[in-house]
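J.: Fold the following for me, if possible:
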Amino acid sequence: MLSLPEREIGWLERFFSGRNALHWDAIVGGSTHQAWLEQVVPWIELQGHGRRDLPIILPVFEKDGPTMWYAAAPNENVSAALGEELMSAIGPSYSDFRGQPYACRVDDVIESALRERFGRFIYRFSPQSKSNEADIVKALSIYLGMLRQRPEAPDRTQQPFGKIRGDFDKALLAGNDAAARRLLDDLLATGRANAEQQKFLEIRLLAGLGLQQELSHNDALIKSIMDLPLPPQTLTDVVDALYSRFISNIENEANVDVVLTTFKQNIGKRFGPLFKERKGVRQTSVLKAFLLYELTQEVPNATRRDAIVSAYLGDTAGKTLVQRWSSHIKVPLAQPTPPNEPDPFEVARRAVGDEDYESAVDLYLELLPDIRAYSGLLRCAVEINASSLTPKVLGIIDDAPAEVRTTLGERDTKRIARLRAQTVVPTQVNITPEGWIAWAEAVVSDQYKSPPITILADSVLKWSVEDYLHEPTQCEKLAFIIGNATGSAEQVFRDAFPYLIEFFADQPQSPVRGFAPLYVMLIEIVAFSGSASADELELATMLVHALLKIAPSKDLYTDAMEALTEIVSQNRAASNIDWGLNLAELLAIYPTPDSEARLRLFMAVVELIRRNSHRFSDSQRAVLQLLVKDYDCVQLLDGFSTTESKTGVADEYMNFSGLIGIYTLTEGAGLRAKQLLQKMLPKARVELNGDFVSTERLRHLAAAADVFVFAWRSSKHQAFFCVKEARKELPMQMPLGKGAASILQAVFAALQNIA
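T.: As a prediction, the model looks like this:
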């Protein structure tokens, strides 16, 4: 009797149904051919042992035996190994397998079951001929025996929670939907997240993947957390999603009343509790939303309104906009009648909640000698931790009447002791840093008694990128501090990689010329880390793209090329061929101040391919044939076989005459992909689109295309929702990479389902 977890039974029942001649009931009851059971049951039992580091391979039977096999892996690392091992065990000798992942069809019961269970980590292969079926069965039996003897790899969930969370953040930045959802499962499996934190992580997933529309429509999720004490990141994610849905498209409306009314009806009335405390967040859409909320109150608070406007350091147009909104509502000069007068302590408390401690200090000073004012001043002094304020507050406490000092609670007494200690001997503290440099210097000097990454996570949303846009010396200083760190500080900065990426490279203003030293430093972090994940490699490509756009100096360009060459040399797995080709292609379309450094990088990519030439596909070969011309080294092709396989791209899909739609924001990559596809598929029609928002042209292409590839980090743009709606149930290819190689691989993966 099979012993399986409940979650495994559901997808197995669907896999062994329909067109599969072997059904689940027959497996459970043993009422089928013994030879069939021997090909299936051992794999299922292996899965039931709870090993998360092993694949599963199952056949689809017809009445006279197996006709095709599906191989699936639980994660990306196992998937990469599975592809290589299948090539060695079966490969082209017995099957049509060429090492490429298979894109499952959503309208097929068997394939949809696999897709829901394993995501994109799936392969499919069929025998070259009827006589090869027995060869495959024998080869898989030997492979299964090898897997049974393989020592168990450490469970992903046994890794530190912080490590998994860092990988989760990297997957979000890279737009890697499947990996992010898998890592979210890993985070929850650790048992470290309670029910509230699980909701916060779900929100982070949606926001991080750019699915603001999906998040903003999830009223149940938002309302379930809006009365909770929210982390700054969750507050930012939810408020930004609501603002994006209801206000972004009308924020420049000349009639401010239209904006105010829309906000009040759709956000203020429905989600008002979200706006109790701003928590010091300075993200522009959050500041705008909090300002609109204040302006739509029956009696707007001038202090809070002005504090929000002062905190807005965004672009000039945005600054002008919030000032226009602010001046639209005139706060009455005459105070309202006493029953409607806002409690001054409530105003001060809200300033503290917004982490606008400077305004709160001014308010509490005016409210002395009320005991609550002393307590409020102590709270602000601890949070600000400024040498100018601490002695002043301690002096006020010392001069306070005795009855005031004896009335102070235990929390206030501890704050006084903490403030006095800070004025005597500097110790390790958990102060909120004022910016990146203050945080980095504190890390290097080991000033924090709590994990620096925790402090960074709580602080980074309170910093504005505007503080660095016009301060190149500050960026150089930060790059120097991080780049020269050693020991534990170096590891902290590696852990801070996703925060640095999001702050400096994943902003609407990016790329910024002054950030160039930081872009290079971040590429070097990947290089120094040795073996890199697919998400880290994709983020390195994003960084070099940002660097190339700002035409860096020769020194910075050379440093970046050397770091990238090191990354390629340390990551020579076959699964990285597409990434290497995409990187080389990106460099080829931008001018170079150091041709030799760029050529050395390309040679490293060629060596990556050469080491895996037996797994080099025809579509990848086509991209390389273009690149050797770009790099003026056509002779490099002499080292590669030019004989296409009998089931190569040209033969297998030559007669495809449908429409291929490609959405990409990297125009050069799209044009190259189109050029290659028109050569390889002469009867097909290929159309490109790069609209940032929903357009009729994009909707029509998405609906009409037989194959549709959505390249780049697709979910970051409103165009994604337009495409998703237009495609309805039709499949859509979403490669992680942005280059021609990734686009071509996605096209041919889709054609496997059509051929």
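J.: C-alpha only now, for contacts and for neighbours.
T.: Will do.
J.: Kindly export the strand or helix carrying residue 162 (C-alpha atoms) in CSV.
T.: Using DSSP states H and E, residue 162 sits within helix 161-174. Provided in CSV are the C-alpha atoms of helix 161-174 (Å, rounded to 0.1, in the frame of the first residue of the first chain):
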residue,chain,number,x,y,z
PHE,A,161,15.5,31.9,8.0
GLY,A,162,17.5,35.0,7.0
LYS,A,163,19.2,33.2,4.2
ILE,A,164,16.0,32.0,2.7
ARG,A,165,14.5,35.5,3.1
GLY,A,166,17.5,36.9,1.3
ASP,A,167,17.0,34.5,-1.6
PHE,A,168,13.3,35.3,-1.6
ASP,A,169,14.1,39.1,-1.9
LYS,A,170,16.5,38.4,-4.8
ALA,A,171,13.9,36.3,-6.6
LEU,A,172,11.4,39.2,-6.3
LEU,A,173,14.0,41.7,-7.7
ALA,A,174,14.8,39.3,-10.6
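J.: how far out from the middle of the chain is that helix?
T.: 8 Å (C-alpha atoms, centre = their mean, to the nearest Å).
J.: what do you get for stretch 236-253?
T.: 21 Å.
J.: May I see the buried residues of that stretch?
T.: For stretch 236-253, a neighbour-count test (16 or more other C-alpha atoms under 10 Å) marks 236-247, 251 as buried.
J.: just the strands in this structure please.
T.: Remark: strands assigned in the chain by DSSP state E are 56-62, 65-72, 122-125, 659-663, 685-689, 707-710.
J.: got the angle for the fifth one vs strand 659-663?
T.: Translated: strand 685-689. Relative orientation of strand 685-689 with respect to strand 659-663: 20 degrees, computed using axes from the mean of the first three to the mean of the last three C-alpha atoms, to 10 degrees.
J.: What mean pLDDT does strand 685-689 get?
T.: Average pLDDT, strand 685-689: 94.
J.: what pairs with it, and is each one parallel or antiparallel?
T.: Take DSSP bridges as the rule and strand 685-689 pairs in its sheet with strand 659-663 (parallel).
J.: average pLDDT across the strand it pairs with?
T.: Strand 659-663 comes out at a mean pLDDT of 94.
J.: now do stretch 674-681
T.: 90.
J.: C-alpha coordinates for it, CSV please?
T.: Extracted C-alpha coordinates of stretch 674-681, given in CSV (Å, rounded to 0.1, in the frame of the first residue of the first chain):
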residue,chain,number,x,y,z
LYS,A,674,13.0,38.5,-34.7
GLN,A,675,15.8,38.4,-37.2
LEU,A,676,16.9,34.9,-36.1
LEU,A,677,13.3,33.6,-35.9
GLN,A,678,12.5,34.8,-39.4
LYS,A,679,15.6,32.9,-40.6
MET,A,680,14.9,29.7,-38.7
LEU,A,681,11.1,29.8,-39.2
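J.: Please identify the buried residues of it?
T.: 674, 676, 677, 680, 681.
J.: Need the winner for burial among the strands of the chain.
T.: Of all these, strand 707-710 carries the top mean neighbour count, a mean of 26, counting by mean count of other C-alpha atoms under 10 Å.
J.: Distance check, residue 454 against residue 495.
T.: To residue 495, residue 454 is 11 Å away according to C-alpha to C-alpha, to the nearest Å.
J.: Pick out whichever of these two has more residues nearby.
T.: Between residue 454 and residue 495, counting by other C-alpha atoms under 10 Å, residue 495 is the more crowded of the two (19 against 12).
J.: Adding distance to residue 86, write the strands of the chain out as TSV.
T.: Shown next, in TSV, are the strands of the chain (distance: least, C-alpha to C-alpha, whole Å):
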stretch	distance to residue 86
strand 56-62	10
strand 65-72	9
strand 122-125	9
strand 659-663	30
strand 685-689	33
strand 707-710	27
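J.: what bits of the stretch 301-450 of the chain have low per-residue confidence?
T.: Residues of the stretch 301-450 of the chain that meet the criterion pLDDT under 70 lie in 330-342, 385-388, 422-432.
J.: if we go to 80?
T.: Within the stretch 301-450 of the chain, the segments meeting pLDDT under 80 span 303, 313-315, 329-343, 350, 353-359, 383-388, 403, 421-434, 448-450.
J.: Now residue 467. Nearest residue, chain neighbours left out?
T.: residue 313 (8.0 Å; C-alpha to C-alpha, 6 or more residues apart in numbering).
J.: how about that neighbour, what does it touch?
T.: 319, 464, 466, 467 (C-alpha atoms under 8 Å, 6 or more residues apart in numbering).
J.: The last one and residue 102: what is the separation?
T.: Using C-alpha to C-alpha, residue 467 is found at 46 Å from residue 102.
J.: And this protein, split by domain according to the record?
T.: 6-149, 224-335, 343-428, 436-636, 649-754 (automatic domain parsing).
J.: With distance to residue 204 as extra columns, can I get these in JSON lines?
T.: Shown next, in JSON lines, are the domains of the chain (distance: least, C-alpha to C-alpha, whole Å):
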{"stretch": "domain 6-149", "distance to residue 204": "20"}
{"stretch": "domain 224-335", "distance to residue 204": "7"}
{"stretch": "domain 343-428", "distance to residue 204": "21"}
{"stretch": "domain 436-636", "distance to residue 204": "13"}
{"stretch": "domain 649-754", "distance to residue 204": "14"}
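J.: Residue 209: which of those is closest?
T.: domain 649-754 (5.9 Å; C-alpha to C-alpha).
J.: follow-up on the earlier one: pull the residues that contact the helix holding residue 162.
T.: So helix 161-174 is contacted by 157, 177, 179-180, 183-184, 186-187, 190, 192, 205, 208-209, 495, 498, 502, 506, 535-536, 538-539, 713, 736 (C-alpha under 8 Å, 6+ apart).
J.: buried residues in it?
T.: 161, 164, 165, 166, 167, 168, 169, 170, 171, 172, 173, 174.
J.: tell me the pLDDT at the third one?
T.: To tie it back to what came earlier, the one meant is residue 165. 91.
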